[in-house]
Each structure stands twice: as C-alpha cells, then as structure tokens.
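Participant: need a 3D model of the following:
(chains A and B)
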Amino acid sequence: NAGVTQTPKFRVLKTGQSMTLLCAQDMNHEYMYWYRQDPGMGLRLIHYSVGEGTTAKGEVPDGYNVSRLKKQNFLLGLESAAPSQTSVYFCASIGGWSFEQYFGPGTRLTVT
Amino acid sequence: ELKVEQNPLFLSMQEGKNYTIYCNYSTTSDRLYWYRQDPGKSLESLFVLLSNGAVKQEGRLMASLDTKARLSTLHITAAVHDLSATYFCAVDTFTNAGKSTFGDGTTLTVKP
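Facilitator: Below you'll find the model as predicted:
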C-alpha cells in the first residue's frame, strides 16, 4: 500500500494563479482532510470530507475549494493564489476505530 | 471553541535526562493523539489515548491521559538524540467527524 500520497511535492505560484493539489489514498478510508501548516504552528483544518461526494468547511476555508468525486481522491483548489497561502499543505485520511489520522508527505507551496 | 495548549513550546535537554511535555485542552474531548514531526517531514502517529487514565508506552516515550483535568503528558525517559523532533498533541470528539484540533507543537532538541 502506498498509504496517502500528495501531488505535487513543491510548487511556486505567482499571485493570482490557480492550482490544484491532489491527495490520494489506497486504504479505502471514508474521511479525508486538508490541513495547512505555517511555521511554528500546528495544523489548521481547511476542508474535510466524510465520504465520496461530500465536503465541508474547516477552520480556515477562505480562498480554497475542494472536491471528492472519487472515494480515494480529495482535491484542494486555489482559484487565485495569494502570498498568505504560502504554507505546507498536508492531506490526511482516517481509518480504524481509533480515528487515527494517516498523513501524506506534504506539499510545499510558495506564492510570490 | 476547543483550544489545545502545549508547553513548553521549545525544549532543549541533555541526553540521558528525563522530561515531560504537557498538553491541555479546553473542552471535553473523546480522543487524544500524539504525533511526531521531523524537520521537513510529515506527521507520524505515536499514540492514541481514548479513556481516562490511559497510559501507553513505546520505547523511551510514555503518554498518559487525565480527562478530568483535560491534560495529557508525554514523558521522555533517558533522552537520546534520535528523539529530537517536534511533538504535537491533538484532540477530537466522537461527534466531530474526526476533525482534530492541534496544539502548536513542542520542539525538542536533545544534545549530547
């Protein structure tokens, strides 16, 4: 099993450009999450999904959109990137009775 | 609003010494997690604590949970350099769709 994978690993955008981050999991998990991590801080939840076709807002959703068309994939979109969105983005999925989160390797995004 | 506070935020210790990291949370929660993050890497799950009085140990790390005090501790015994990392605690509730709230992390540096 690959677990949770993220594409791309690194990206530099100019202000106003758009992009999509892809998260894929092969563990048949229902719940998936997108977090951002800024220097010296913990993770903050952007959006999450409790199943295929469903999405919901987290703590910091502004400027982001998501889609979960297939159970194994969770996409995070930035329609018009801003420097404040420079961050490391982590995707996670939940499995098992303990709701333990499995994290992807992260995407380091810089917006100039 | 659920808040999670860790202290200390930075910890420098000598090899062979013992120390404790504290995690306080503001409202009743059902699950408490400890994660480890190495620089530039993703988060790795260490422990999941589900009930009052729960204690789990792995190598030189031991985590405990006191739900009445809303406090978890991560105790480090006879620290070694390999334990240098940032440690996060996170909490969630059974009814919260697995949405965890994270502390800001404790950066541990173990010096020879």
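Participant: check chain A for the residue nearest chain B and tell me.
Facilitator: A:Gly42 (3.4 Å; C-beta to the nearest C-beta). (Glycine included, C-beta is placed from N, CA and C.)
Participant: what is the neighbour count of residue 81?
Facilitator: Went with chain A since none was named. 21 (other C-beta atoms under 10 Å in any protein chain shown).
Participant: wrong one, I was asking about chain B
Facilitator: Residues near B:His81, counting by other C-beta under 10 Å: 10.
Participant: pretty sure it contacts B:Val110?
Facilitator: Yes. Assessed by C-beta atoms under 8 Å, B:His81 is found in contact with B:Val110 at 5.0 Å.
Participant: joint contacts of these two?
Facilitator: Listed contacts common to B:His81 and B:Val110 are B:Glu15; contacts here mean C-beta atoms under 8 Å, 6 or more residues apart in numbering or on different chains.
Participant: could you list everything the residue lying closest to A:Asn73 once chain neighbours are set aside pairs with in the sheet?
Facilitator: In space, and not counting its chain neighbours, A:Asn73 is closest to A:Ala24: 5.2 Å by C-beta to C-beta, 6 or more residues apart in numbering or on different chains. According to DSSP bridges, the residues that bridge with A:Ala24 are A:Thr5, A:Asn73.
Participant: per-residue confidence for A:Ala24?
Facilitator: Per-residue confidence at A:Ala24 stands at 98 (pLDDT).
Participant: do the same with B:Arg31
Facilitator: Model confidence at B:Arg31 (pLDDT) stands at 89.
Participant: quick one: it from chain A, how far?
Facilitator: 6 Å (C-beta to the nearest C-beta, to the nearest Å).
Participant: contacting residues for that residue?
Facilitator: So B:Arg31 contacts A:98-99, B:48-50, B:91-94 (C-beta under 8 Å, 6+ apart).
Participant: and if you look at A:Leu76?
Facilitator: Contacts of A:Leu76 by C-beta under 8 Å, 6+ apart are A:20-21, A:23, A:34, A:46-47, A:64-66, A:89, A:91.
Participant: skip the chain neighbours and tell me the closest residue to whatever residue of chain B ends up closest to chain A.
Facilitator: Closest approach between chain B and chain A, counting by C-beta to the nearest C-beta: B:Phe102, at 3.4 Å. Closest residue to B:Phe102 apart from its sequence neighbours, by C-beta to C-beta, 6+ apart: A:Gly42 at 3.4 Å.
Participant: what's the spacing between the one you found and B:Phe10?
Facilitator: According to C-beta to C-beta, to the nearest Å, A:Gly42 and B:Phe10 sit 14 Å apart.
Participant: of those two, which one has the most company?
Facilitator: The neighbour comparison of A:Gly42 against B:Phe10 (other C-beta under 10 Å) goes to A:Gly42, with 22 against 12.
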